[in-house]
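In: the sequence and its predicted three-dimensional model are supplied below.
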Amino acid sequence: MNRHAAAARAPKSRAPSETLNFRPVFSSDSRVHEYAVQYTAQPLRPGPAASLGSALAKAAQSLDGLRARVPVLLDWLPLPPHSRWTADGFWESDGLRLQDGLLHASPGAFRAGPVSACYPAELVTFLIPLVAPLHPRAELFASYTEFSVGLRARLQSANRHDGLRVTGVHIGLPSGFSASPPLQARLASLIDLASRVRLPVLVRNADTPAEVQGLRPYANVLLQGAMLSPPMSPACLRALLEIGGRRWREFRVGGA
């Protein structure tokens, strides 16, 4: 068999499969607060399918050139099996580097590849586990295990010891929440605690009308879920932001 025939019979390698979507996160008055980035990739070789660096690089590239820079949210959850979260390895292993107020992103660790894109660090928030040393009051939330409490944080310096600044907490509503007065009372207690320590609460899975309506009275709450936040393609988000310009927060859901 000649080499041309062998090449024709050889299985063709498939390019990595990538999906990038954005999901709006709303404040309790139904205005857009930020956009959560959802990025998945199926690599050709065994290993992590997508890193934070990859997700931020793809998001920054898709939003490049717009008049309005919108805040974005990146999820560092769930943790890989049997792993332990550490602030030291947060950006180094995930392709992130902070320099002059810009968060530079690279697929994988920086040792493995060049910078792909950058975005203002003050506009990038991360969902991370509940790590007590990062905030003096973080341990107060440890007892609310049914809500899977974690922290919202931003990179504020390149110092590995104090580079992450906590800006809020994030929670997930447990199954049966809408029909459980005890769970609702526990949530009210959690939100009151967060308000007293000045940490806004993101509810990641306000998926039903009853859950959304029940959370609207809380001024200190951000909402995301299946009903409010269907995935938007980069092209769809660009079109929306080009129409709205600097008034992009005015996009409202559910009336006044």
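Out: Okay, I see it.
In: what about the strands in the stretch 151-256 of the chain?
Out: 164-171, 201-203, 221-223 (DSSP state E, counting those that start in this stretch).
In: mean confidence for the second one?
Out: The average of the pLDDT scores along strand 201-203 is 96.
In: packing partners for it?
Out: strand 164-171, helix 181-196, strand 221-223 (3 or more CB pairs under 8 Å, 6 or more residues apart in numbering; DSSP states H and E). The way it works is simple: take the backbone N, C-alpha and C, and place the C-beta from them, glycine included.
In: deepest-packed of those, please.
Out: Using mean count of other CB atoms under 10 Å, the stretch among the helices and strands packed on strand 201-203 with the largest mean neighbour count is strand 221-223, at a mean of 24.
In: residues contacting the residue nearest to residue 167 when sequence neighbours are not counted?
Out: Excluding its sequence neighbours, the residue lying closest to residue 167 (CB to CB, 6 or more residues apart in numbering) is residue 152, at 5.0 Å. The neighbours of residue 152, taking CB atoms under 8 Å, 6 or more residues apart in numbering as the test, are 73, 125-128, 166-170, 199-200, 202.
In: what do you get if the cut-off is 10 Å, keeping everything else the same?
Out: Counting by CB atoms under 10 Å, 6 or more residues apart in numbering, residue 152 touches 34, 73, 125-128, 165-170, 199-202, 222.
In: and residue 127, by the same measure?
Out: 36, 73-77, 150-153, 168-170, 202, 204.
In: tell me which of the residues you listed is nearest to residue 234?
Out: residue 36 (13.4 Å; CB to CB).
In: quick one on the thing from earlier: in JSON lines: the helices and strands packed on strand 201-203, plus distance to residue 67 and mean pLDDT.
Out: Converted to JSON lines, the helices and strands packed on strand 201-203 look like this (distance: least, CB to CB, whole Å; pLDDT from 0 to 100):
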{"stretch": "strand 164-171", "distance to residue 67": "25", "mean pLDDT": "92"}
{"stretch": "helix 181-196", "distance to residue 67": "34", "mean pLDDT": "95"}
{"stretch": "strand 221-223", "distance to residue 67": "24", "mean pLDDT": "94"}
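In: what ranges do the helices span in the protein?
Out: 3-9, 52-63, 181-196, 209-215, 234-244 (DSSP state H).
In: now for those helices, which one comes closest to residue 120?
Out: That would be helix 52-63 among the helices of the chain, by CB to CB, at 9.6 Å.
In: in that closest one, what's buried?
Out: By neighbour count on 16 or more other CB atoms under 10 Å, the buried set for helix 52-63 is 52, 53, 54, 55, 56, 57, 58, 59, 60, 62, 63.
In: could you do stretch 244-253 as well?
Out: Of the residues in stretch 244-253, 244, 248, 249 count as buried by neighbour count, 16+ other CB under 10 Å.
In: avg pLDDT for that stretch?
Out: 74.
In: hey, C-alpha coordinates of it in CSV?
Out: Only the C-alpha atoms of stretch 244-253 are listed here, as CSV (Å, rounded to 0.1, in the frame of the first residue of the first chain):
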residue,chain,number,x,y,z
GLY,A,244,-27.7,48.7,24.7
GLY,A,245,-24.2,50.3,24.7
ARG,A,246,-23.3,51.7,28.1
ARG,A,247,-26.9,51.1,29.3
TRP,A,248,-26.5,47.3,29.1
ARG,A,249,-27.8,47.0,32.7
GLU,A,250,-31.2,48.2,31.6
PHE,A,251,-32.0,44.9,30.1
ARG,A,252,-34.7,43.7,32.5
VAL,A,253,-36.5,40.5,33.2
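In: residue closest to the middle of this protein?
Out: Nearest residue to the geometric centre of the chain (CA atoms, centre = their mean): residue 74, 2.5 Å.
In: please name the bridge partners of that residue.
Out: residue 126 (DSSP bridges).
In: who are the contact partners of it?
Out: Neighbours of residue 74 in contact, by CB under 10 Å, 6+ apart: 36-39, 52-53, 55-56, 59, 94, 96, 103, 105, 124-128.
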